[in-house]
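**Q** below are the sequence and a predicted model; questions follow.
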Number of protein chains: 2
Amino acid sequence: MHTDASRPVIQAASTPRRLGSPAMQGPLALMGTPFQYARNAEIYGEGDEAEYLYQVVSGTVRTYKVLEDGRRQIGGFYLPGDIFGFEAGETHSSSAEAVNGAQVLIVKRSAVMLRAEREKDLSQQLWDATTRELQHFRNHMLLLIKTAEERVAGFLLDIARRTASTNSIELAMSRQDIADYLGLTIETVSRTFTQLEQSGAITLATSRRIELRNRAALNRLNA
Amino acid sequence: MHTDASRPVIQAASTPRRLGSPAMQGPLALMGTPFQYARNAEIYGEGDEAEYLYQVVSGTVRTYKVLEDGRRQIGGFYLPGDIFGFEAGETHSSSAEAVNGAQVLIVKRSAVMLRAEREKDLSQQLWDATTRELQHFRNHMLLLIKTAEERVAGFLLDIARRTASTNSIELAMSRQDIADYLGLTIETVSRTFTQLEQSGAITLATSRRIELRNRAALNRLNA
DNA sequence: CGGACCCTAAGGAATGTTACGGAGGGCTGG
DNA sequence: CCAGCCCTCCGTAACATTCCTTAGGGTCCG
């Protein structure tokens, strides 16, 4: 049950680097300032003031909450184009980190909101992003009551869909990240990957590169 | 793992009854039409067109998703004042039912959105409601990785907080509902209740009425 | 009296825990 | 440049535990 607290400690990564030109599309494209975050660098922490909104330009970002004893639940992985950082109050209710090196567009929440009052389109896009996030959480919660095999299958299909890849997936995140996203341990994730490979559903080219061999079987598990 | 499909079938409840005066406060107060739903009556189903927004006036509402084999995950319980029915696309990604008899304010989504364009305050309230919902889901997901005891403690504290009650809780929902909300079985929920009672944390006046005897202990479990 | 709801107990299955070994990449000193 | 080392990440196996499954009986209320 416990994903225990002896998880390898992540040392402070280098400070984010401000970049030149905001070459990204999407609602925040023309407003934001691009920043570069190193692998495992914190973008914001739980309890920090929620002053900005964020959009991934390149790389992957994870948001998560932790319990006192170190158990961690990853809320989501954000890929290029995704917006994150929406909050109810004035502070962040979860933390965000770069999974690997990631470029992120940052823009003041107040500026976005102000502008959204006049630009109906921007307002609409923000609303859509927020409700999509809601939908993601609803699905994610459903995932958490499934069996280990179903969760892993669902995870792989979700990543495949979002990267619009063919049948080949490059995982940006570690087994520990996947485990904490799916509410499993790394051992169970490992076991399940090999299980899926033995049943012919996937092939593990390397530990991070996965080929979907039998989407029908995966979809069946995803139910 | 399987909360199996032999769950007692809920027979079609009586059709919702349209009521007289909209005597409710909140963002939707002046716009909505109040409807009365019988116990277990469906308010909307997964896949239905998402044409309306809803606000609970009295009673309790549950939203949920189901898997083919009958496993069900309850996303949330909505109490008087709470708004539900936010969706990303044009259809509902979950279902909603009245737990017991419930009075619900219903208002056309398009009407709300149109009006929100002009009324900054309404727009703000909708945004707050949505992001609060996001926050709820983040916490709920964290709950789903905890032990049975921790989940039940967290559930009780959440209900207690939201009903602003003293230390006495009246549960509107059945053990099956609680189990499906917490990702447990009814047996485990039962066992955990008795466990908490034996440890002196709570008292079960009746099976639906619970007294919190030791909030500190519950908070410790909630971590 | 029947049905819905709840509780308890015993056994089993899925998952977590603990332990260990190996592969790969980066760093350091030669 | 290379050897050696360390550190992180990943996989496997045996064991432990939690929670689920199955079964049965009790209570409340219409």
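**A** Sure, I can see it.
**Q** and A:Val61, how far is that from A:Ile43?
**A** Taking C-beta to C-beta, to the nearest Å as the measure, A:Val61 falls 7 Å from A:Ile43. Placement of C-beta: from N, CA and C, glycine included.
**Q** give the residues shared as contacts by the two.
**A** A:54, A:96-98, A:104 (C-beta atoms under 8 Å, 6 or more residues apart in numbering or on different chains).
**Q** which ones among these lie within helices?
**A** With helices taken from DSSP state H, there is no overlap with the shared contacts of A:Val61 and A:Ile43.
**Q** closest one of those residues to B:Asp121?
**A** A:Tyr54 (26.7 Å; C-beta to C-beta).
**Q** can you list the domain ranges for chain A.
**A** Following automatic domain parsing, chain A resolves into domains at A:17-143, A:148-222.
**Q** show me the strands in chain A, by range?
**A** A:17-18, A:33-37, A:42-44, A:52-58, A:61-66, A:72-78, A:83-84, A:95-98, A:102-108, A:168-170, A:202-204, A:209-212 (DSSP state E).
**Q** tally of neighbours for A:Ala116?
**A** Per other C-beta atoms under 10 Å in any protein chain shown, the neighbour tally for A:Ala116 reads 19.
**Q** quick one: it from DNA strand D, how far?
**A** According to C-beta to the nearest atom of the strand, to the nearest Å, A:Ala116 stands 38 Å off from DNA strand D.
**Q** next, the contact list for that residue, please.
**A** A:122-123, A:126.
**Q** would you list those residues in a markdown table and tack on pLDDT and distance to DNA strand D?
**A** Formatted as a markdown table, the contacts of A:Ala116 follow (pLDDT from 0 to 100; distance: C-beta to the nearest atom of the strand, whole Å):
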| residue | pLDDT | distance to DNA strand D |
| --- | --- | --- |
| A:Leu122 | 89 | 38 |
| A:Ser123 | 88 | 40 |
| A:Leu126 | 91 | 34 |
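**Q** closest to A:Tyr37 among the residues you listed?
**A** A:Leu126 (22.8 Å).
**Q** ok, back up a step: show me the contacts of A:Ala116 that map onto helices.
**A** A:122-123, A:126.
**Q** just these that are near DNA strand C?
**A** Counting by C-beta under 7 Å from any atom of the strand, nothing from those sits close to DNA strand C.
**Q** which of these are buried? Put it as a PyMOL command.
**A** Per 16 or more other C-beta atoms under 10 Å in any protein chain shown, the buried members of the ones in helices among the contacts of A:Ala116 correspond to this PyMOL selection:
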select buried, chain A and resi 122+123+126
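**Q** tell me which of the ones in helices among the contacts of A:Ala116 is nearest to B:Val112?
**A** A:Ser123 (13.4 Å).
**Q** that older thread, of the shared contacts of A:Val61 and A:Ile43, which is the most crowded?
**A** A:Val104 (28 neighbours).
**Q** my read: that residue touches A:Glu42, true?
**A** No: counting by C-beta atoms under 8 Å, A:Val104 sits too far from A:Glu42 to count as a contact (11.8 Å).
**Q** show me the contacts for the closest residue to A:Glu51 other than its chain neighbours.
**A** Counting by C-beta to C-beta, 6 or more residues apart in numbering or on different chains, the nearest residue to A:Glu51 once its immediate chain neighbours are dropped is A:Arg109, at 6.1 Å. Contact partners of A:Arg109, counting by C-beta under 8 Å, 6+ apart, are A:50-53, A:85.
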